[in-house]
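Q: output the structure for:
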Amino acid sequence: MSDCAGAFGAFYNADIGGAQAYFIAHNGAKANGPAPSSGISGGTIAGHPIKIVGYGCANDTAATALKEVRRLVEQDGAQVVIGPLSGDEGIAVANYSKTQPGLTFINGTSGAQDTTLKVQSPNFFRFNGDGAQWNGGVGDVAYRQLGWRHAVVIMDDYAFGWTSAAGFIADFCAAGGTVTRLYPPLGTTDYSSYIAQIPQKFDGLFSAVGGTGTLAFLKQYTQARGPFKKNTLAGNIFLGDPAILAAIHEADVGALVGQPTTEDTTSPNASAYIAALKQAYPASTNSLPKPGTLASLANSVFTVNYYDAAWALDKALTAVHGDLSNGQSALHAQLAHTALPDAPYGPITLDQNRQAIVTNYIAKVSVSGGKPGIHTIYAVPNVSQAFGGTFTASTPSPGRGQPACQKRSLPWQGKEQPVSFH
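A: Numbering: from 1, shown residues only. The predicted structure follows:
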């Protein structure tokens, strides 16, 4: 289940391709065509055939996601759902999973905090970080190394935008910074009124604007204000996504990025993952964002998180010999203890809420061979959803004005681990 329309519709086949590439590379399935949504044939897990009963086609809204997941479960007979993509959708699907306790739901790439921290559904599992985790250390580096003291934070006005910004705000304020917050609606096309609200003087700007809005906001800001000065721009996963980098403005080179992937790594785990994508979908297709191959989108969260979700499902089902009896109780128990120590971009374990604990990376947008890319500079291991004690089930959900800007100690402050793959 992914988004075929809305702000993230361009990533529909990247999501499907990520999950199916795992089944093709490891379970004997075969692609039915160059576009992942053409489906797969064959393949088994623990001796049982893999059957894709349908693809959820959402549009970044909770209502459509709920309609689609109900169709997949109640009409198409899905026993396991992988998805959804977007933040509000994840909260809706997690709540829906409570009404289907005998089925299994594995998150696709949605990253709203409430999905696992507040909903806590026993049959919903998320093998990726939330948006806040994906910014662990970014605010600290901006404060300590770039010299930011006051930051403008612009975020999509919905659950993932709030969660993503919450990670930066909690991190930056913990180090001693202060923030101004702006909330354009998801899918905004004209950012002029929000750009007008940005102070003329600021130390840095953090963008948690995603989907179709990322490039639109950056382009319109540059047209209105001129290029960002050196070391004054930072952003979340979208600023480092390969589909964005392929079209990014040269003025954005040097921007600081928080993300759970490392485009520049040559690790065996990442190399094996990229090889699996190439094996599964070698051809370029216009069903994917440019440059058009699944492997070129390897370090996109839209690809890798669906791949990891399929991997976790395969590992857990294999361990229980494909047993889906007794309300899938054996599978649920196994998934709760499933770890992916060899995941492409760092080990993944789950906490008590079935939420991933991940390694986060801090990178800079760089130019290599005339093309924008990623230069990873720091790693922050073992970032949990608690974010160093900042977030609990009883703290206010990320949102307008939340979290509060407070100075505090975080376990990684000044201890981000330098890395270099160059």
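Q: would residue 359 count as being in a strand?
A: Yes. Under DSSP: H, G, I helix; E, B strand; the rest coil, residue 359 sits within a strand.
Q: let me see the contact set for the residue nearest to it when sequence neighbours are not counted.
A: Computed as C-beta to C-beta, 6 or more residues apart in numbering, the closest residue to residue 359 that is not its neighbour in sequence is residue 346, at 3.4 Å. (C-beta placed from N, C-alpha, C; glycine too.) Residue 346 makes contacts with 260, 358, 359, 379, 381, as judged by C-beta atoms under 8 Å, 6 or more residues apart in numbering.
Q: again, but for residue 412
A: 136, 137, 140, 380, 383, 388.
Q: pLDDT score for the second one?
A: On pLDDT, residue 137 comes in at 99.
Q: numbering from 55 from now on, please.
A: Sure, I'll start numbering at 55, so the last one becomes residue 191.
Q: surely it touches residue 434?
A: Yes. Counting by C-beta atoms under 8 Å, residue 191 does reach residue 434; the two are 4.1 Å apart.
Q: if I look at the two, which residues touch both of them?
A: In contact with both residue 191 and residue 434: 414, 416, 466, 470, using C-beta under 8 Å, 6+ apart.
Q: nearest to residue 278 among the residues you listed?
A: residue 416 (28.0 Å; C-beta to C-beta).
Q: may I have the secondary structure class of the closest one?
A: Applying three-state DSSP: residue 416 is strand.
Q: for the closest residue to it other than its chain neighbours, give me its contacts.
A: Distances taken as C-beta to C-beta, 6+ apart place residue 432 nearest to residue 416, at 4.1 Å, with adjacent residues excluded. Counting by C-beta under 8 Å, 6+ apart, residue 432 touches 191, 195, 415, 416, 470, 471, 472, 473.
Q: in PyMOL, how would I select the buried members of these?
A: Only the buried entries of the contacts of residue 432 go into this PyMOL selection, using 16 or more other C-beta atoms under 10 Å:
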select buried, resi 191+195+415+416+470
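Q: just checking, which of the contacts of residue 432 belong to strands?
A: Secondary structure defined by DSSP state E assigns 415, 416, 471, 472 of these to strands.
Q: pretty sure residue 212 is touching residue 241, no?
A: No. Counting by C-beta under 8 Å, residue 212 sits too far from residue 241 to count as a contact (9.5 Å).
Q: pull up the overlap in contacts between these two.
A: Both residue 212 and residue 241 are in contact with residue 114, where contact means C-beta under 8 Å, 6+ apart.
Q: more crowded one of the two?
A: A count of neighbours by other C-beta atoms under 10 Å puts residue 212 above the other of residue 212 and residue 241, at 23 against 17.
Q: now that one: how far from residue 236?
A: Noted for residue 212: a distance of 14 Å to residue 236, by C-beta to C-beta, to the nearest Å.
Q: now swap in residue 259 and tell me
A: In this structure, residue 259 and residue 236 are 10 Å apart, going by C-beta to C-beta.
Q: shared neighbours, these two?
A: 206, 207, 208, 252.
Q: same list (those residues) but as CSV, adding secondary structure.
A: Listed next are these as CSV, based on three-state DSSP:
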residue, secondary structure
206, strand
207, strand
208, strand
252, coil
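Q: want to throw these into a markdown table with neighbour count and pLDDT?
A: What follows is the shared contacts of residue 259 and residue 236, written out as a markdown table (neighbours: other C-beta atoms under 10 Å; pLDDT from 0 to 100):
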| residue | neighbour count | pLDDT |
| --- | --- | --- |
| 206 | 18 | 99 |
| 207 | 24 | 99 |
| 208 | 25 | 99 |
| 252 | 17 | 97 |
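Q: closest to residue 308 out of the residues you listed?
A: In terms of C-beta to C-beta, no member of the shared contacts of residue 259 and residue 236 lies closer to residue 308 than residue 206, at 17.3 Å.
Q: contact partners for that closest one?
A: Residue 206 makes contact with 233, 234, 236, 252, 253, 256, 258, 259, 260, according to C-beta under 8 Å, 6+ apart.
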